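> Need a 3D model of the following:
(chains A and B)
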Amino acid sequence: MSSEPTTLLQGTLDLLILKSLVAGEMHGLGISRRVQQITGGTFIVKPGSLFPALHRMEEEGWVSSFWGDSENNRRAKYYRLSKSGRQQLDSETKRWGRISWAIAQALETS
Amino acid sequence: MPRFVKVRSFLRNLFSSRRVATDLDHEVQSHLEMLVEENIRAGMSAQEAQRAARIELGGVEQIKELVRDQRIGSWLHSVLLDCRFAFRQLRRSPGFTAVAVLTLALGIGSTTAIFSIIDGALLHPYPYKNAERLATFVVFSGEQFRAWRFPAAAFVDFKRQNHTFDDMFGLVYRKVHFTRPHGSGTQEFTGGSVTPDTFESLGIPPLLGRPLTAEDAKPGAPPVFVISYRLWIKLFGRDPNIVGNIHTLNATRMTLVGIMPPRFQIGDFDLWLPLDITRDSFVPGAGIVSNEIWTVGHLKPGVSPETAAADLQLIAAPFQKEDPIYFPPNFKIVVSTLASQPVGRDFKLGLCALMGAVTLLLLIACGNVANLLLARATTRGKEFSIRSALGANRLRLICQLLVEGFSLALASCALGCLFAYLGLKAMVAVIPPDTIPPEAAITLSPAVLLFSLCVTIVTTVICGLAPSLYALRADPQVALTGAGRGVGPDFRHGRLRHSLVVAEVALSIVLSICAGLIMSSLFALQNVNLGFSPSKVVYADLSWPEGQDNNVQQKHLFFRKVLDRIRQVPGVLAATETTSFPPYTFGWTTVAITGKTPPQNRNTASTFCTEGYFQTLGLPLLRGTLFSQNDVDSAHHVVVVNRAFVHERFGQENPIGQQVRFNDYETLPDWPHDPYFEIIGVVGDARNTGLQDPPRPEIYLPGTLASAPPRGIMVSTAGYSTAILEQLRSGISEVNPDVAVGEAGTIATRLEHSYYARPRFLFTTLCIFAAIALLLVGAGVFSVISYTVVAQTHEIGIRMALGAQPSQVLSLVLQKGMRLILSGIVIGLFASYFLARLLSSQIWGVSAADPSTFATIAVLAFLVGTLASLIPARRATRVDPMVALRHE
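Numbers count the residues shown, from 1 in each chain, chains lettered A, B, ... in the order given. Here you go, the predicted structure:
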């Protein structure tokens, strides 16, 4: 999980993937592009990070997968957020809020 | 249900791994295609789109590998793969596998076998309830051992007043005359009269019937007894229907109520009778030892032997006045647990030494296998380089090598346990009698198997470590460009490997020399000239029931009748009544010769016998005459002496006609009033203080002089058969069914027990291990030299291309092997010279530095080593220079 200037914090990739799936079921490339889009191009998720993360999250039960047809009628593997995935997203979002607030506080203190 | 999801994933990953893999393939493939489409839509040419997509995707295999690593149970999957791979590797080179497995199996097997003995005899010898707290006590007077059995009054006070024992029971040794129900004679056994709580304390239920209870010991209770497992087999052939039968024991009719299981052997008794001990009780019919009670009990949990001793010391204090024989002034009670000293010091030391030897053997076997694995790792260097170039990390490579080592070790463990089972059978069969407690069971118990498994794991680590270290060092760059032979220069010299072979040779030399020395000493013992053939002389020790044992004339009449009968049996050459059975004498006495100063100590062996004694043992008459039948029947005052007696007491003087008297025997109740005897003959010397010492002065008297010395029958035969012993038994029971036959057999069996058994045990075990060590030497030399030949194929090729003859190549390789073997032999001989001295108490008739043994073993080791290096050396001579040079 690398991007140009920013290195993703541990667990952030999961958060981004879960967040991008809230919009609906998506295949791998779709997720990758969606992450790029919602982060304003700051994070580009390469397949080398994406696939291991997706498979791990599937085994954790946060996402489920199925084969479907893409917009161009191509067979593609789609991922869908599960119930426990939603819970995970909630708790991850809260955690992230706490962290970013704390970091911001720390940086503002002179 | 996230857990359920995980389990499902785990199972899916494990069992439908192929489907999971194709699924991933498809996914990555579709991802790639979609990237291409995206690029084409962005306006790239088809070729450019492909290229950009591949760049964005990165390495397909790496992605798949990363995904696989993320999966639940991926470690298990890789271990399974490793196992499969290891199995294939091993199957691909059956010769290597066989040598490695056999080598390790020998190592693991011998360690397991010796550990079984240690576990059975030292660690868990007793099967009883809370056996580790079972304790007994003895009395010392100052530093000197005084007594281990005590009078009834002391026992009762100990039992009642102590605060440190949970329970306490007493056992009294007792000779039991057991008369078989159907008139097949009387036999003598060692019985024990025991307090009835014994059985409950020891906590072992009987195999059949019931144990002795408190009811049985009450006065007036019907007499009952319980027998041991071994007596059940010996007398009744495991007949389960004998419980409840009535037998005659010491002329009393008693009911057999129970049979104890095999390991219940408290006191080493054959049968147990109930005994009620009160302060002034005395055990009827038990003779001199009636008052001597061996006391055993469970220490309370957490009580140390010292605390218990202090407790008992206080209780025993009043007995100092009452019973100074048992409790002398300054007496000291010493408590010790049974488990703390199950075997003698010698045997324990011997076992520890053996354990040391087999551990060395195991290490050497590991070394050998590590060598083999290393040699293979070296030739497999390229494989490892490719693996690490493909992204296998070092941990993964080491893991794979360890799995290989473990699969080898596991196979060896199974084979090793089989070896241990067979080896144990051979060794247990020759464990000398009375060296381990009769309760001890030496088997491959679960504890032993667990130990063996631990050994296997350690073995794996040791064996896998060497090649792992090699793999760790391997630099893919160097190995892949280095022409792929993968022979690093540091492994060509292999100092470690060579010193291993030297150590192997040295160890095998030490073991073989010890075995050789024991063999020589066993041989010397078996060839001691007794003057007769011990396997052809039969003896039977007899004993009389109370009331019949003090009439010398009746006894003599009995012997005359039995001896007459036995002389009629075909194959019997001579027979006699005797108090001594070679190579020991019945007793020692002072002999005063009229007109000479009497000696200060009892230095003369004495034997009461009939006129047939000399003929039975083949003692040659040197001077004078022997007893006649009339001399014996009429108890004439005549004696025969041996040559040593004449030499010590008369020198050149003529002993015939001299008068002697026996002050020690004059206290016997039926000794004749006239104490003087005349020397009428001199016979040759015969061993009378055991096999190892030269014969001492001995004097032979007619057996009719006194009734007290216990005696039996000795028969010389043309060739021993069990029929003769049976004839003897039936003859005895026909003449007097009350006379009990105790120990009986040939003199050779007697010698076996007391002389041959110990060296035979040492010899058997040492021989097994020496043979294993020699085998390992063979395997070790073979593996090292083969490896050298493989590594030097290129060099040998060049040499041969330059004109070297096969014989020169042969000697080149052989020289290398011989250098190793010879250094091993030299070190081994030095080590043996010093170590064999430790053995000097165990050997006899041969020097601990016996040159011929040393030389023979050195030659043997040299031959084995040379033979082992000859095979690869011959292979080296067949190297085709063209092939060898193209080997690059």
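> Quick one: low-confidence residue ranges for chain B.
Chain B contains residues with pLDDT under 70 at B:1-3, B:181-184, B:280-291, B:378-379, B:381, B:466-467, B:470-494, B:886-888.
> Enumerate the residues of chain A near chain B.
Neighbours of chain B within chain A, by CB under 8 Å from any CB of the partner chain: A:27-29, A:46-48, A:51-53, A:55-56, A:58-61, A:70, A:72, A:74-77, A:84. No exception for glycine: its C-beta is placed from N, CA and C like everyone else's.
> buried subset of those?
Buried members of these, scored by 16 or more other CB atoms under 10 Å in any protein chain shown, are A:27-29, A:47-48, A:51-53, A:55-56, A:58-61, A:70, A:76-77.
> Go through these and flag which are in strands.
Judged by DSSP state E, the subset of those located in strands is A:27, A:76, A:77.
> in chain A, what residue is nearest chain B?
Nearest to chain B, among the residues of chain A, is residue A:61, at 3.6 Å (CB to the nearest CB).
> In space, what's closest to that residue - neighbours in sequence excluded?
Counting by CB to CB, 6 or more residues apart in numbering or on different chains, residue A:61 lies nearest to residue B:5, which is 3.6 Å off, once chain neighbours are set aside.
> mind listing what the most centrally placed residue in chain A touches?
For chain A, the residue nearest the mean C-alpha position is residue A:17 (1.3 Å; CA atoms, centre = their mean). Contacts for residue A:17 (CB atoms under 8 Å, 6 or more residues apart in numbering or on different chains) come out as A:31, A:35, A:45, A:50, A:53, A:54, A:57, A:63.
> ditto for residue B:251
Each residue near residue B:251 by CB under 8 Å, 6+ apart is listed here: B:177, B:179, B:545, B:738.
> Quick one: mark the members of the buried ones among the residues of chain A next to chain B that sit in helices.
Applying DSSP state H to those, the entries found in helices are A:28, A:29, A:47, A:48, A:51, A:52, A:53, A:55, A:56, A:58, A:59, A:60.
> Could you check how far the last one is from residue A:18?
Right, the one you point to is residue A:60. Using CB to CB, to the nearest Å, residue A:60 is found at 11 Å from residue A:18.
> list the residues that contact both of those two?
Contacts common to residue A:60 and residue A:18, judged by CB under 8 Å, 6+ apart, are residue A:88.
> just to revisit the earlier point, my guess is the residue of chain A closest to chain B contacts residue B:8. True?
No - contact between residue A:61 and residue B:8 fails when scored by CB atoms under 8 Å: they sit 9.1 Å apart.
> Mind listing residues that contact stretch B:147-163?
With contacts defined as CB under 8 Å, 6+ apart, stretch B:147-163 is touched by B:136-139, B:168, B:170, B:172-173, B:277-282, B:289, B:291-295, B:308, B:311-312, B:315-316, B:319, B:322-323, B:325-327.
> how does it look with 6 Å?
Where contact means CB atoms under 6 Å, 6 or more residues apart in numbering or on different chains, the residues beyond stretch B:147-163 that reach it are B:138-139, B:168, B:170, B:277, B:279, B:281, B:291-295, B:311, B:315, B:319, B:323, B:326.
> Enumerate the helices of the stretch 301-450 of chain B by residue range, in sequence order.
Using DSSP state H, counting those that start in this stretch, the helices of the stretch 301-450 of chain B run over B:305-316, B:319-322, B:345-379, B:381-389, B:394-429, B:446-473.
> quick one: low-confidence parts of chain A?
Residues of chain A that meet the criterion pLDDT under 70 lie in A:1-10, A:110.
> quick one, longest helix in it?
Across chain A, the longest stretch assigned as helix under DSSP H is helix A:83-108.
> quick one: that helix to helix A:47-60, angle?
130 degrees (axes from the mean of the first three to the mean of the last three CA atoms, to 10 degrees).
> Tell me which other helices or strands helix A:83-108 touches.
With contacts taken as 3 or more CB pairs under 6 Å, 6 or more residues apart in numbering or on different chains; DSSP states H and E, helix A:83-108 sits against helix A:12-21.
> Output the helix it packs on as PDB - backbone C-alpha positions only.
Output in PDB follows, covering the C-alpha atoms of helix A:12-21 (Å, rounded to 0.1, in the frame of the first residue of the first chain):
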ATOM      1  CA  THR A  12      -6.000   2.500   7.200                       C
ATOM      2  CA  LEU A  13      -6.100   0.400   4.000                       C
ATOM      3  CA  ASP A  14      -8.900  -1.700   5.500                       C
ATOM      4  CA  LEU A  15     -10.700   1.400   6.500                       C
ATOM      5  CA  LEU A  16     -10.500   2.800   3.000                       C
ATOM      6  CA  ILE A  17     -11.600  -0.400   1.300                       C
ATOM      7  CA  LEU A  18     -14.600  -0.800   3.700                       C
ATOM      8  CA  LYS A  19     -15.600   2.800   3.200                       C
ATOM      9  CA  SER A  20     -15.400   2.500  -0.600                       C
ATOM     10  CA  LEU A  21     -17.700  -0.600  -0.400                       C
END
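> got the buried residues for that helix?
Across helix A:12-21, burial judged by 16+ other CB under 10 Å covers A:12, A:13, A:14, A:15, A:16, A:17, A:18, A:19, A:20, A:21.
> Now tell me what touches the helix or strand harbouring residue B:575 from outside.
Secondary structure assignment for residue B:575, by DSSP states H and E: strand B:572-578. Strand B:572-578 has contacts (CB under 6 Å, 6+ apart) with B:559, B:563, B:566-567, B:609-610, B:612-613, B:615-616, B:703, B:714-717.
> Grab the two from those that are most spread out in space.
Greatest spatial distance in the contacts of strand B:572-578: B:703 and B:717, 21.2 Å, computed using CB to CB.
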